[in-house]
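**Q** Next comes the sequence, and after it the predicted model I'd like to discuss.
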Amino acid sequence: MSKNKSGKREEDYQKFWGIYLIPANFLSAFLSAFLGGVVVRSLWSSEYLFLFLMMFLLIILSFVFFGKNLSKKIFFVLFILLGVAVGIFRTDVVLRQSQNWLEGHYRGQGRVVRFSEVKDEYQKIYLEIVGAKMDGRQRAVSQKEIVIFFAPIGVDYRYGDYYAIECDLKNPEIKYKKFNYPRFLASKKVYQICYQAKVRKIKKDENNFLIGVDVFLHRRIYRGGELLAEKINELFAMPESGYLAGLLLGGDSRLPEDVADDFRRTGMTHTVAVSGSNITIIATALLSVGLFFGLWRQQAFYLVIGGIIIFVVMIGAPASAVRAAIMAIVLFYASQSGRLADSLRVIVLTACLMVFVSPLLLLYDVGFQLSFLATLGIVLFYSPLAEAIGIENDFLDLKSIILVTVAAQLGVTGILVYTFDSISLLSLPANILILPFIPLIMAGGFGATVISFILPTLGEILSIPVQMFLEGEVYGIHHLAKISWASVNFGNVAVYWMGVYYFIILVLFKFLKDKIGKTVI
(Lines give C-alpha, C1' and ligand atoms only; values in the text may rest on other atoms or scores of the structure.)
Protein backbone atom coordinates (compact mmCIF):
# COMPACT_ATOMS: atom_id res chain seq x y z
CA MET A 1 0.00 0.00 0.00
CA SER A 2 1.48 3.36 -1.02
CA LYS A 3 2.25 6.24 1.34
CA ASN A 4 1.74 9.95 0.90
CA LYS A 5 4.38 12.62 1.50
CA SER A 6 3.71 12.61 5.24
CA GLY A 7 4.33 8.87 5.37
CA LYS A 8 0.69 8.02 5.98
CA ARG A 9 -0.51 4.83 4.30
CA GLU A 10 -3.71 4.65 2.25
CA GLU A 11 -5.17 2.08 4.64
CA ASP A 12 -4.90 4.65 7.46
CA TYR A 13 -7.47 6.87 5.71
CA GLN A 14 -11.24 6.66 5.96
CA LYS A 15 -13.06 4.54 3.40
CA PHE A 16 -16.32 5.51 1.71
CA TRP A 17 -18.11 3.20 -0.75
CA GLY A 18 -14.94 1.08 -0.65
CA ILE A 19 -12.77 4.05 -1.74
CA TYR A 20 -9.92 5.43 0.35
CA LEU A 21 -10.50 9.13 1.03
CA ILE A 22 -7.09 10.31 -0.18
CA PRO A 23 -6.52 13.47 -2.27
CA ALA A 24 -5.91 11.51 -5.48
CA ASN A 25 -9.29 9.79 -5.17
CA PHE A 26 -11.01 13.13 -4.52
CA LEU A 27 -9.60 14.28 -7.87
CA SER A 28 -10.66 11.05 -9.58
CA ALA A 29 -14.19 11.41 -8.20
CA PHE A 30 -14.41 15.00 -9.44
CA LEU A 31 -13.14 14.08 -12.94
CA SER A 32 -15.47 11.10 -13.27
CA ALA A 33 -18.41 13.20 -12.09
CA PHE A 34 -17.47 15.92 -14.58
CA LEU A 35 -17.73 13.40 -17.43
CA GLY A 36 -21.05 12.27 -15.98
CA GLY A 37 -22.29 15.87 -15.99
CA VAL A 38 -21.31 16.23 -19.65
CA VAL A 39 -23.33 13.11 -20.47
CA VAL A 40 -26.33 14.39 -18.48
CA ARG A 41 -26.48 17.76 -20.26
CA SER A 42 -25.76 16.20 -23.67
CA LEU A 43 -28.78 13.91 -23.35
CA TRP A 44 -31.17 16.13 -21.39
CA SER A 45 -32.69 19.43 -22.40
CA SER A 46 -31.72 22.62 -20.56
CA GLU A 47 -35.01 22.78 -18.65
CA TYR A 48 -33.26 20.74 -15.95
CA LEU A 49 -30.27 23.08 -15.83
CA PHE A 50 -31.74 25.38 -13.18
CA LEU A 51 -31.91 22.57 -10.64
CA PHE A 52 -28.28 21.64 -11.19
CA LEU A 53 -27.13 25.25 -11.03
CA MET A 54 -28.90 25.56 -7.69
CA MET A 55 -27.05 22.43 -6.59
CA PHE A 56 -23.79 24.03 -7.74
CA LEU A 57 -24.56 27.16 -5.68
CA LEU A 58 -25.37 24.99 -2.66
CA ILE A 59 -21.99 23.27 -2.97
CA ILE A 60 -20.14 26.59 -3.07
CA LEU A 61 -22.04 27.89 -0.04
CA SER A 62 -21.27 24.66 1.83
CA PHE A 63 -17.56 25.14 1.24
CA VAL A 64 -17.67 28.79 2.28
CA PHE A 65 -19.77 28.55 5.43
CA PHE A 66 -19.46 24.99 6.69
CA GLY A 67 -16.21 23.68 5.21
CA LYS A 68 -14.29 23.39 8.47
CA ASN A 69 -17.01 21.30 10.12
CA LEU A 70 -17.69 18.89 7.31
CA SER A 71 -16.39 15.32 7.45
CA LYS A 72 -14.32 13.87 4.61
CA LYS A 73 -17.24 11.76 3.48
CA ILE A 74 -19.42 14.82 2.98
CA PHE A 75 -16.57 16.59 1.20
CA PHE A 76 -16.23 13.56 -1.07
CA VAL A 77 -19.91 13.74 -2.02
CA LEU A 78 -19.58 17.50 -2.58
CA PHE A 79 -16.66 16.91 -4.93
CA ILE A 80 -18.85 14.53 -6.93
CA LEU A 81 -21.73 17.01 -7.07
CA LEU A 82 -19.35 19.80 -8.00
CA GLY A 83 -17.96 17.74 -10.88
CA VAL A 84 -21.46 16.99 -12.17
CA ALA A 85 -22.42 20.68 -11.98
CA VAL A 86 -19.27 21.84 -13.81
CA GLY A 87 -19.84 19.25 -16.54
CA ILE A 88 -23.46 20.32 -17.02
CA PHE A 89 -22.66 24.02 -17.01
CA ARG A 90 -19.76 23.73 -19.47
CA THR A 91 -21.76 21.56 -21.88
CA ASP A 92 -24.73 23.92 -21.72
CA VAL A 93 -22.52 26.86 -22.72
CA VAL A 94 -21.23 24.97 -25.78
CA LEU A 95 -24.66 23.73 -26.81
CA ARG A 96 -26.06 27.26 -26.67
CA GLN A 97 -23.23 28.47 -28.91
CA SER A 98 -24.09 25.82 -31.49
CA GLN A 99 -27.77 26.77 -31.79
CA ASN A 100 -29.84 29.46 -33.52
CA TRP A 101 -27.41 30.28 -36.32
CA LEU A 102 -29.09 32.27 -39.09
CA GLU A 103 -29.74 30.34 -42.32
CA GLY A 104 -29.96 31.96 -45.73
CA HIS A 105 -27.98 33.20 -48.70
CA TYR A 106 -24.59 34.41 -47.51
CA ARG A 107 -22.31 36.88 -49.26
CA GLY A 108 -19.04 37.93 -47.67
CA GLN A 109 -15.42 36.99 -47.00
CA GLY A 110 -13.70 34.19 -45.14
CA ARG A 111 -10.28 32.80 -44.24
CA VAL A 112 -9.21 29.15 -44.47
CA VAL A 113 -8.47 28.22 -40.85
CA ARG A 114 -7.75 24.49 -41.19
CA PHE A 115 -6.13 22.26 -43.75
CA SER A 116 -8.54 20.61 -46.15
CA GLU A 117 -9.72 17.05 -45.47
CA VAL A 118 -9.52 14.98 -48.65
CA LYS A 119 -12.15 12.27 -49.07
CA ASP A 120 -12.77 9.82 -51.93
CA GLU A 121 -14.47 12.27 -54.29
CA TYR A 122 -14.20 15.69 -52.65
CA GLN A 123 -12.34 17.79 -50.12
CA LYS A 124 -13.78 19.51 -47.08
CA ILE A 125 -12.75 23.16 -46.61
CA TYR A 126 -12.99 24.99 -43.26
CA LEU A 127 -13.63 28.72 -43.61
CA GLU A 128 -14.00 31.36 -40.90
CA ILE A 129 -16.52 33.98 -41.99
CA VAL A 130 -17.23 37.30 -40.30
CA GLY A 131 -20.35 39.45 -40.45
CA ALA A 132 -21.70 40.30 -43.95
CA LYS A 133 -25.20 40.35 -45.48
CA MET A 134 -27.65 37.46 -45.53
CA ASP A 135 -30.89 37.79 -47.50
CA GLY A 136 -30.86 41.54 -46.88
CA ARG A 137 -30.46 41.11 -43.11
CA GLN A 138 -27.30 42.29 -41.36
CA ARG A 139 -25.31 39.83 -39.31
CA ALA A 140 -23.36 41.29 -36.42
CA VAL A 141 -20.06 42.54 -37.82
CA SER A 142 -18.11 40.88 -35.00
CA GLN A 143 -19.96 37.57 -35.30
CA LYS A 144 -17.39 34.94 -36.32
CA GLU A 145 -18.32 31.45 -37.40
CA ILE A 146 -16.47 28.49 -38.90
CA VAL A 147 -18.38 26.84 -41.75
CA ILE A 148 -17.49 24.06 -44.19
CA PHE A 149 -18.03 23.69 -47.89
CA PHE A 150 -17.23 20.84 -50.25
CA ALA A 151 -14.88 21.40 -53.17
CA PRO A 152 -13.53 19.20 -56.00
CA ILE A 153 -10.28 17.36 -55.41
CA GLY A 154 -7.28 19.06 -56.97
CA VAL A 155 -8.22 22.66 -56.20
CA ASP A 156 -5.67 24.11 -53.76
CA TYR A 157 -7.23 25.98 -50.83
CA ARG A 158 -4.22 27.07 -48.81
CA TYR A 159 -4.24 27.48 -45.05
CA GLY A 160 -4.55 31.19 -44.17
CA ASP A 161 -5.74 32.40 -47.59
CA TYR A 162 -8.75 34.74 -47.89
CA TYR A 163 -11.72 34.15 -50.20
CA ALA A 164 -14.80 36.03 -51.29
CA ILE A 165 -17.63 33.55 -50.86
CA GLU A 166 -21.30 33.33 -51.82
CA CYS A 167 -23.38 30.33 -50.78
CA ASP A 168 -26.51 29.04 -49.06
CA LEU A 169 -25.80 28.64 -45.36
CA LYS A 170 -27.78 25.80 -43.80
CA ASN A 171 -27.71 24.07 -40.44
CA PRO A 172 -26.66 20.38 -40.62
CA GLU A 173 -29.28 17.67 -40.15
CA ILE A 174 -29.34 14.26 -38.47
CA LYS A 175 -29.53 11.60 -41.19
CA TYR A 176 -28.49 8.52 -39.20
CA LYS A 177 -29.81 7.87 -35.71
CA LYS A 178 -26.46 6.62 -34.39
CA PHE A 179 -24.59 9.64 -35.74
CA ASN A 180 -25.61 13.12 -34.61
CA TYR A 181 -24.00 15.10 -37.44
CA PRO A 182 -24.85 18.59 -36.10
CA ARG A 183 -23.24 17.89 -32.73
CA PHE A 184 -20.28 16.12 -34.35
CA LEU A 185 -19.58 19.28 -36.34
CA ALA A 186 -20.20 21.42 -33.27
CA SER A 187 -17.48 19.46 -31.46
CA LYS A 188 -15.15 20.88 -34.13
CA LYS A 189 -16.67 24.36 -33.60
CA VAL A 190 -18.40 24.13 -37.00
CA TYR A 191 -22.07 25.07 -36.95
CA GLN A 192 -23.20 25.44 -40.59
CA ILE A 193 -22.56 24.10 -44.09
CA CYS A 194 -22.12 26.22 -47.23
CA TYR A 195 -24.04 24.70 -50.13
CA GLN A 196 -23.55 25.70 -53.79
CA ALA A 197 -20.53 27.73 -52.78
CA LYS A 198 -18.98 30.19 -55.20
CA VAL A 199 -15.54 31.20 -53.99
CA ARG A 200 -12.91 33.54 -55.34
CA LYS A 201 -9.46 34.02 -53.87
CA ILE A 202 -8.75 37.59 -52.84
CA LYS A 203 -5.56 39.36 -51.86
CA LYS A 204 -5.58 40.57 -48.29
CA ASP A 205 -2.58 41.58 -46.19
CA GLU A 206 -2.45 39.92 -42.79
CA ASN A 207 -2.17 42.57 -40.07
CA ASN A 208 -2.08 40.16 -37.14
CA PHE A 209 1.56 39.19 -36.49
CA LEU A 210 0.73 35.98 -34.58
CA ILE A 211 -1.63 34.77 -37.31
CA GLY A 212 1.06 35.51 -39.88
CA VAL A 213 3.66 33.44 -38.00
CA ASP A 214 1.17 30.63 -37.47
CA VAL A 215 0.32 30.51 -41.19
CA PHE A 216 4.01 30.59 -42.20
CA LEU A 217 5.02 27.69 -39.92
CA HIS A 218 1.99 25.53 -40.68
CA ARG A 219 2.39 25.95 -44.42
CA ARG A 220 6.09 25.04 -44.37
CA ILE A 221 5.64 21.89 -42.29
CA TYR A 222 2.54 20.85 -44.24
CA ARG A 223 4.40 21.37 -47.52
CA GLY A 224 7.07 19.01 -46.20
CA GLY A 225 4.39 16.33 -45.84
CA GLU A 226 3.17 16.96 -49.39
CA LEU A 227 6.70 16.62 -50.80
CA LEU A 228 7.18 13.41 -48.85
CA ALA A 229 3.93 11.97 -50.27
CA GLU A 230 4.93 12.92 -53.82
CA LYS A 231 8.33 11.27 -53.46
CA ILE A 232 6.75 8.09 -52.01
CA ASN A 233 4.53 7.85 -55.10
CA GLU A 234 7.63 8.14 -57.30
CA LEU A 235 9.63 5.47 -55.45
CA PHE A 236 6.96 2.83 -54.75
CA ALA A 237 4.30 1.17 -56.87
CA MET A 238 0.58 1.26 -56.07
CA PRO A 239 -1.10 0.17 -53.87
CA GLU A 240 2.05 -0.16 -51.73
CA SER A 241 2.84 3.54 -52.09
CA GLY A 242 -0.61 4.40 -50.73
CA TYR A 243 -0.05 2.01 -47.81
CA LEU A 244 3.35 3.48 -46.94
CA ALA A 245 2.02 7.04 -47.26
CA GLY A 246 -0.80 6.07 -44.90
CA LEU A 247 1.66 4.62 -42.39
CA LEU A 248 3.88 7.69 -42.47
CA LEU A 249 1.35 10.48 -43.02
CA GLY A 250 -1.97 8.97 -41.94
CA GLY A 251 -5.19 8.43 -43.88
CA ASP A 252 -6.55 5.58 -46.01
CA SER A 253 -7.79 7.87 -48.81
CA ARG A 254 -4.63 7.07 -50.81
CA LEU A 255 -5.52 3.36 -50.98
CA PRO A 256 -7.62 1.96 -53.84
CA GLU A 257 -11.15 1.19 -52.69
CA ASP A 258 -10.76 -2.60 -52.92
CA VAL A 259 -7.55 -2.51 -50.86
CA ALA A 260 -9.13 -0.15 -48.30
CA ASP A 261 -12.03 -2.62 -47.99
CA ASP A 262 -9.54 -5.44 -47.28
CA PHE A 263 -8.06 -3.35 -44.46
CA ARG A 264 -11.53 -2.73 -43.00
CA ARG A 265 -12.54 -6.42 -43.11
CA THR A 266 -9.37 -7.47 -41.30
CA GLY A 267 -9.45 -4.69 -38.71
CA MET A 268 -6.18 -3.16 -39.98
CA THR A 269 -7.48 0.29 -40.92
CA HIS A 270 -6.01 1.67 -37.68
CA THR A 271 -2.51 1.32 -39.16
CA VAL A 272 -3.23 3.92 -41.85
CA ALA A 273 -5.92 5.98 -40.12
CA VAL A 274 -5.02 9.05 -38.07
CA SER A 275 -5.54 7.27 -34.77
CA GLY A 276 -3.78 6.43 -31.56
CA SER A 277 -2.55 3.16 -33.05
CA ASN A 278 -1.04 4.94 -36.05
CA ILE A 279 0.79 7.46 -33.86
CA THR A 280 1.90 4.74 -31.44
CA ILE A 281 3.48 2.91 -34.40
CA ILE A 282 5.32 6.10 -35.35
CA ALA A 283 6.47 6.56 -31.75
CA THR A 284 7.74 2.96 -31.61
CA ALA A 285 9.62 3.37 -34.89
CA LEU A 286 11.24 6.63 -33.73
CA LEU A 287 12.23 5.03 -30.43
CA SER A 288 13.83 2.10 -32.26
CA VAL A 289 15.75 4.45 -34.54
CA GLY A 290 16.92 6.55 -31.60
CA LEU A 291 18.13 3.52 -29.64
CA PHE A 292 19.81 2.12 -32.78
CA PHE A 293 21.87 5.29 -33.12
CA GLY A 294 22.99 5.13 -29.49
CA LEU A 295 20.57 7.47 -27.73
CA TRP A 296 19.62 6.76 -24.14
CA ARG A 297 15.98 5.84 -23.62
CA GLN A 298 15.24 9.25 -22.06
CA GLN A 299 16.86 11.05 -25.01
CA ALA A 300 14.97 8.83 -27.45
CA PHE A 301 11.73 9.75 -25.66
CA TYR A 302 12.27 13.43 -26.50
CA LEU A 303 12.90 12.39 -30.12
CA VAL A 304 9.55 10.59 -30.06
CA ILE A 305 7.69 13.62 -28.67
CA GLY A 306 9.22 15.95 -31.25
CA GLY A 307 8.48 13.51 -34.06
CA ILE A 308 4.82 13.15 -33.03
CA ILE A 309 4.33 16.93 -32.89
CA ILE A 310 5.91 17.44 -36.34
CA PHE A 311 3.85 14.55 -37.73
CA VAL A 312 0.56 16.02 -36.47
CA VAL A 313 1.32 19.43 -38.00
CA MET A 314 2.57 17.80 -41.21
CA ILE A 315 -0.76 16.07 -41.86
CA GLY A 316 -2.71 19.25 -41.22
CA ALA A 317 -3.32 18.90 -37.47
CA PRO A 318 -6.86 17.48 -37.74
CA ALA A 319 -8.67 17.26 -34.42
CA SER A 320 -8.56 13.44 -34.50
CA ALA A 321 -4.77 13.48 -34.84
CA VAL A 322 -4.34 16.01 -32.02
CA ARG A 323 -6.46 13.88 -29.70
CA ALA A 324 -4.67 10.69 -30.69
CA ALA A 325 -1.27 12.36 -30.22
CA ILE A 326 -2.09 13.50 -26.68
CA MET A 327 -3.33 10.05 -25.74
CA ALA A 328 -0.33 8.33 -27.35
CA ILE A 329 2.23 10.61 -25.67
CA VAL A 330 0.70 10.04 -22.24
CA LEU A 331 0.54 6.27 -22.75
CA PHE A 332 4.04 6.13 -24.23
CA TYR A 333 5.50 8.09 -21.33
CA ALA A 334 3.76 5.82 -18.84
CA SER A 335 5.00 2.64 -20.50
CA GLN A 336 8.58 3.91 -20.87
CA SER A 337 8.76 5.09 -17.26
CA GLY A 338 7.46 1.77 -15.99
CA ARG A 339 4.37 3.40 -14.43
CA LEU A 340 1.73 2.08 -16.79
CA ALA A 341 -0.56 0.98 -13.97
CA ASP A 342 -0.37 4.41 -12.30
CA SER A 343 -1.27 6.30 -15.47
CA LEU A 344 -5.05 5.75 -15.30
CA ARG A 345 -5.67 9.05 -13.52
CA VAL A 346 -3.43 10.85 -16.02
CA ILE A 347 -5.40 9.33 -18.92
CA VAL A 348 -8.71 10.37 -17.36
CA LEU A 349 -7.35 13.85 -16.60
CA THR A 350 -6.18 14.21 -20.22
CA ALA A 351 -9.58 13.13 -21.50
CA CYS A 352 -11.33 15.58 -19.15
CA LEU A 353 -9.18 18.49 -20.33
CA MET A 354 -10.02 17.66 -23.94
CA VAL A 355 -13.72 17.28 -23.11
CA PHE A 356 -13.72 20.57 -21.18
CA VAL A 357 -12.43 22.34 -24.30
CA SER A 358 -15.01 20.56 -26.47
CA PRO A 359 -17.65 18.73 -24.37
CA LEU A 360 -19.46 17.31 -27.40
CA LEU A 361 -16.48 15.06 -28.12
CA LEU A 362 -17.56 12.67 -25.41
CA LEU A 363 -20.77 11.37 -26.98
CA TYR A 364 -20.62 12.56 -30.58
CA ASP A 365 -17.08 11.94 -31.87
CA VAL A 366 -16.32 8.25 -32.45
CA GLY A 367 -12.66 9.08 -33.10
CA PHE A 368 -12.29 10.47 -29.58
CA GLN A 369 -14.18 7.55 -28.09
CA LEU A 370 -11.97 4.99 -29.83
CA SER A 371 -8.75 6.81 -28.87
CA PHE A 372 -9.80 7.09 -25.23
CA LEU A 373 -11.19 3.55 -24.88
CA ALA A 374 -8.23 1.92 -26.67
CA THR A 375 -5.80 3.77 -24.39
CA LEU A 376 -7.91 2.93 -21.34
CA GLY A 377 -8.01 -0.72 -22.35
CA ILE A 378 -4.21 -0.87 -22.63
CA VAL A 379 -3.73 0.89 -19.29
CA LEU A 380 -6.16 -1.40 -17.47
CA PHE A 381 -5.41 -4.77 -19.02
CA TYR A 382 -1.83 -4.77 -20.35
CA SER A 383 -0.05 -5.02 -16.98
CA PRO A 384 -2.24 -7.80 -15.48
CA LEU A 385 -2.07 -9.83 -18.69
CA ALA A 386 1.68 -9.26 -19.04
CA GLU A 387 2.24 -10.48 -15.49
CA ALA A 388 -0.01 -13.49 -16.08
CA ILE A 389 1.83 -14.82 -19.16
CA GLY A 390 5.23 -13.11 -18.82
CA ILE A 391 6.93 -11.31 -21.69
CA GLU A 392 10.56 -12.30 -21.11
CA ASN A 393 12.46 -13.58 -24.17
CA ASP A 394 9.81 -11.97 -26.34
CA PHE A 395 10.82 -12.84 -29.92
CA LEU A 396 10.00 -9.94 -32.28
CA ASP A 397 7.92 -8.47 -29.44
CA LEU A 398 5.15 -10.90 -30.42
CA LYS A 399 3.80 -11.28 -26.89
CA SER A 400 3.77 -7.51 -26.38
CA ILE A 401 2.01 -6.99 -29.69
CA ILE A 402 -0.59 -9.61 -28.82
CA LEU A 403 -1.17 -8.13 -25.38
CA VAL A 404 -1.45 -4.54 -26.61
CA THR A 405 -3.80 -5.63 -29.40
CA VAL A 406 -5.99 -7.67 -27.04
CA ALA A 407 -6.07 -4.90 -24.41
CA ALA A 408 -6.96 -2.21 -26.95
CA GLN A 409 -9.55 -4.49 -28.54
CA LEU A 410 -11.20 -5.09 -25.18
CA GLY A 411 -11.55 -1.32 -24.82
CA VAL A 412 -13.02 -0.53 -28.24
CA THR A 413 -15.08 -3.60 -29.18
CA GLY A 414 -18.26 -2.40 -27.48
CA ILE A 415 -18.33 1.00 -29.19
CA LEU A 416 -17.24 -0.51 -32.54
CA VAL A 417 -20.04 -3.07 -32.58
CA TYR A 418 -22.65 -0.52 -31.52
CA THR A 419 -21.53 2.18 -33.98
CA PHE A 420 -20.83 0.05 -37.06
CA ASP A 421 -23.03 -2.99 -36.28
CA SER A 422 -20.14 -5.30 -37.22
CA ILE A 423 -16.77 -6.60 -36.04
CA SER A 424 -13.67 -8.11 -37.63
CA LEU A 425 -12.91 -11.60 -36.29
CA LEU A 426 -9.47 -11.54 -37.88
CA SER A 427 -8.20 -8.37 -36.24
CA LEU A 428 -6.02 -10.22 -33.71
CA PRO A 429 -4.31 -12.67 -36.11
CA ALA A 430 -3.90 -9.90 -38.70
CA ASN A 431 -2.23 -7.65 -36.16
CA ILE A 432 0.06 -10.46 -35.02
CA LEU A 433 1.15 -11.10 -38.61
CA ILE A 434 1.47 -7.47 -39.71
CA LEU A 435 2.50 -5.26 -36.78
CA PRO A 436 5.97 -6.74 -36.02
CA PHE A 437 7.25 -5.56 -39.40
CA ILE A 438 5.62 -2.11 -39.50
CA PRO A 439 8.33 -0.22 -37.52
CA LEU A 440 10.95 -1.69 -39.88
CA ILE A 441 8.90 -0.76 -42.94
CA MET A 442 8.29 2.78 -41.68
CA ALA A 443 11.96 3.36 -40.81
CA GLY A 444 13.14 1.88 -44.12
CA GLY A 445 10.50 3.66 -46.19
CA PHE A 446 11.11 7.02 -44.54
CA GLY A 447 14.88 6.64 -44.86
CA ALA A 448 14.73 5.66 -48.53
CA THR A 449 12.35 8.53 -49.29
CA VAL A 450 14.46 11.19 -47.56
CA ILE A 451 17.73 9.90 -49.08
CA SER A 452 16.16 9.95 -52.56
CA PHE A 453 15.85 13.75 -52.32
CA ILE A 454 19.67 13.94 -52.13
CA LEU A 455 20.86 10.73 -53.83
CA PRO A 456 18.05 9.48 -56.10
CA THR A 457 19.80 6.29 -57.19
CA LEU A 458 20.63 5.23 -53.64
CA GLY A 459 17.06 5.98 -52.58
CA GLU A 460 15.73 3.71 -55.34
CA ILE A 461 18.07 0.89 -54.25
CA LEU A 462 17.03 1.20 -50.61
CA SER A 463 13.35 1.21 -51.58
CA ILE A 464 13.53 -2.28 -53.15
CA PRO A 465 13.48 -4.34 -49.90
CA VAL A 466 10.84 -1.98 -48.45
CA GLN A 467 8.68 -2.54 -51.53
CA MET A 468 8.97 -6.31 -51.01
CA PHE A 469 7.86 -6.05 -47.37
CA LEU A 470 4.96 -3.79 -48.35
CA GLU A 471 3.85 -6.22 -51.04
CA GLY A 472 3.96 -9.07 -48.53
CA GLU A 473 1.78 -7.20 -46.05
CA VAL A 474 -0.78 -6.10 -48.65
CA TYR A 475 -0.84 -9.66 -50.02
CA GLY A 476 -1.41 -11.12 -46.54
CA ILE A 477 -4.19 -8.66 -45.71
CA HIS A 478 -5.88 -9.32 -49.05
CA HIS A 479 -5.99 -13.09 -48.53
CA LEU A 480 -7.16 -12.79 -44.93
CA ALA A 481 -9.97 -10.51 -46.12
CA LYS A 482 -11.12 -13.17 -48.62
CA ILE A 483 -12.13 -15.48 -45.74
CA SER A 484 -15.91 -15.48 -45.66
CA TRP A 485 -16.19 -14.99 -41.90
CA ALA A 486 -13.49 -12.26 -41.71
CA SER A 487 -16.15 -9.72 -40.75
CA VAL A 488 -19.47 -10.40 -39.00
CA ASN A 489 -22.48 -8.10 -39.28
CA PHE A 490 -24.88 -8.01 -36.32
CA GLY A 491 -27.64 -5.86 -37.81
CA ASN A 492 -28.91 -2.96 -35.75
CA VAL A 493 -27.22 -3.24 -32.33
CA ALA A 494 -29.14 -1.55 -29.49
CA VAL A 495 -27.34 0.76 -27.09
CA TYR A 496 -28.05 -1.40 -24.03
CA TRP A 497 -25.87 -4.19 -25.50
CA MET A 498 -22.95 -1.79 -25.32
CA GLY A 499 -23.75 -1.19 -21.65
CA VAL A 500 -23.84 -4.96 -21.02
CA TYR A 501 -20.49 -5.37 -22.75
CA TYR A 502 -18.71 -2.74 -20.67
CA PHE A 503 -20.24 -4.10 -17.48
CA ILE A 504 -18.70 -7.48 -18.33
CA ILE A 505 -15.37 -5.76 -19.06
CA LEU A 506 -15.43 -4.14 -15.61
CA VAL A 507 -16.15 -7.51 -14.00
CA LEU A 508 -13.25 -9.04 -15.96
CA PHE A 509 -10.91 -6.25 -14.85
CA LYS A 510 -11.94 -6.72 -11.21
CA PHE A 511 -11.32 -10.46 -11.51
CA LEU A 512 -7.85 -9.98 -13.03
CA LYS A 513 -6.91 -7.36 -10.46
CA ASP A 514 -7.95 -9.57 -7.54
CA LYS A 515 -6.44 -12.75 -8.97
CA ILE A 516 -3.10 -11.35 -10.09
CA GLY A 517 -2.85 -8.70 -7.40
CA LYS A 518 -2.02 -5.91 -9.83
CA THR A 519 -3.09 -2.61 -8.28
CA VAL A 520 -4.23 -0.24 -11.02
CA ILE A 521 -6.56 2.19 -9.29
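**A** Cool, the structure landed.
**Q** Show me where the stretch 401-521 of the chain has its strands.
**A** Applying DSSP state E, counting those that start in this stretch to the stretch 401-521 of the chain gives strands spanning 422-424, 487-489.
**Q** And for the chain?
**A** Counting by DSSP state E, the chain has strands at residues 15-16, 19-20, 104-112, 117-118, 123-130, 133-134, 137-138, 144-151, 162-170, 190-202, 422-424, 487-489.
**Q** got the buried residues for the last one?
**A** What it means is strand 487-489. By 16 or more other C-beta atoms under 10 Å, the buried positions in strand 487-489 come out as Ser487. (Glycine included, C-beta is placed from N, CA and C.)
**Q** In the sheet, which strands lie alongside that strand, parallel or antiparallel?
**A** The pairing partners recorded for strand 487-489 under DSSP bridges are strand 422-424 (antiparallel).
**Q** number of nearby residues for Val450?
**A** 13 (other C-beta atoms under 10 Å).
**Q** So for Val118, what's the pLDDT?
**A** As predicted, Val118 sits at a pLDDT of 75.
**Q** Could you find the closest non-adjacent residue to it?
**A** Ser253 (5.4 Å; C-beta to C-beta, 6 or more residues apart in numbering).
**Q** Could you double-check that that neighbour lies in contact with Glu121?
**A** No. With contact defined as C-beta atoms under 8 Å, Ser253 does not count as touching Glu121 (10.1 Å).
**Q** So between those two, which is more surrounded?
**A** Taking neighbours as other C-beta under 10 Å, Ser253 and Glu121 compare with Ser253 leading, 16 against 8.
**Q** Could you dump the strands of the chain into TSV with distance to Ile80 added?
**A** Output for the strands of the chain, formatted as TSV (distance: least, C-beta to C-beta, whole Å):
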stretch	distance to Ile80
strand 15-16	11
strand 19-20	11
strand 104-112	43
strand 117-118	39
strand 123-130	38
strand 133-134	45
strand 137-138	46
strand 144-151	35
strand 162-170	41
strand 190-202	33
strand 422-424	35
strand 487-489	40
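**Q** Lowest average confidence across those strands, which one?
**A** Among these, strand 137-138 scores lowest, at a mean of 50.
**Q** burial of Leu81, as a residue count?
**A** 18.
**Q** Just checking, which helix or strand of this structure averages the lowest pLDDT?
**A** Of all helical and strand segments in the chain, the minimum by mean pLDDT, DSSP states H and E falls on strand 137-138, at a mean of 50.
**Q** how many other residues sit next to Val330?
**A** 18.
**Q** nope, Ile504 is what I was after
**A** 12.
**Q** ok, now the one 3 residues further on?
**A** Using other C-beta under 10 Å, Val507 has 10 other residues around it.
**Q** OK, contacts around it?
**A** Counting by C-beta atoms under 8 Å, 6 or more residues apart in numbering, Val507 touches no other residue.
**Q** ok, it to Ala407 distance?
**A** 16 Å (C-beta to C-beta, to the nearest Å).
**Q** my guess is Glu117 contacts Lys124, does it?
**A** Yes. Taking contacts as C-beta under 8 Å, Glu117 lies within contact range of Lys124: 4.3 Å.
**Q** the helices in the stretch 1-150 of the chain, which residues?
**A** 23-43, 49-66, 72-97 (DSSP state H, counting those that start in this stretch).
**Q** lowest-confidence stretch among those helices?
**A** Among the helices of the stretch 1-150 of the chain, helix 49-66 scores lowest, at a mean of 63.
**Q** okay, now the domains of the protein?
**A** Domain segmentation of the chain under automatic domain parsing yields 12-97, 104-208, 220-516.
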